[in-house]
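Colleague: Give me a 3D structure for the following:
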Amino acid sequence: MNKETQPPSPRERFYRRERRSVPAARAFAREALAQWGVRGRADDVVLCVSELATNALVHGVPAGRGFLLRLLPCGDGVRVEVHDSGGGVPAVPLDPGESDEGGRGLLLVSELADKWGVAEREPGKIVWFEVGGA
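Modeller: The predicted structure is shown next:
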């Protein structure tokens, strides 16, 4: 991240429960990262955003609702949060089958991010990750 006189401002955007929200979230994240001067791990961040946005739409967003994507500067990196109103606690699958079409999103996030986790909110949850050295 570029060291400027003023730290970059957090960015956030709300997305409705529809397929085009995932590519829109990726584009929004890529644009914010570029404006902040994040280059080193931008692809990792955008891939993780894509996985969490997809998970929110598939598992965490009830009909008629949406999710909030929040990007925050965090030290020399970035923190990303996906807020949804669905229940449940996401977890990395222990052994996704080779023929399974899904189940690898959080596995990718756990491998690419420096830290990740789930926090409660009412209603729903926040799934977040941090990437340093961006």
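
Colleague: So which elements touch the lowest-mean-pLDDT helix or strand in the chain?
Modeller: Within the chain, confidence by mean pLDDT, DSSP states H and E is lowest for helix 105-112 among all helices and strands, at a mean of 92. Secondary-structure packing of helix 105-112 (3 or more C-beta pairs under 8 Å, 6 or more residues apart in numbering; DSSP states H and E): helix 42-55, strand 115-120. Every C-beta, even on glycine, is put in place using the N, C-alpha and C of the backbone.

Colleague: Can you tell me which of the ones you listed is most buried?
Modeller: Scoring the helices and strands packed on helix 105-112 by mean neighbour count under mean count of other C-beta atoms under 10 Å gives helix 42-55 as the most buried, with a mean of 21.

Colleague: Other residues contacting that helix?
Modeller: With C-beta atoms under 8 Å, 6 or more residues apart in numbering as the test, helix 42-55 has contacts from 15, 21-22, 25-26, 29-30, 33-34, 38, 67, 69, 78, 80, 82, 90, 105-106, 108-109, 112-113, 127, 129, 131, 134.

Colleague: In CSV, list the C-alpha atoms belonging to the next helix or strand after that helix.
Modeller: Going down the chain from helix 42-55, the next helix or strand is strand 66-74, by DSSP states H and E. What follows is strand 66-74, C-alpha atoms only, in CSV (Å, rounded to 0.1, in the frame of the first residue of the first chain):
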residue,chain,number,x,y,z
GLY,A,66,-28.2,-9.0,-0.1
PHE,A,67,-24.7,-8.7,1.4
LEU,A,68,-22.4,-5.9,2.2
LEU,A,69,-18.8,-6.0,1.0
ARG,A,70,-16.4,-3.8,3.1
LEU,A,71,-12.7,-3.2,2.4
LEU,A,72,-10.5,-1.6,5.0
PRO,A,73,-6.9,-0.6,5.1
CYS,A,74,-5.2,-2.7,7.7
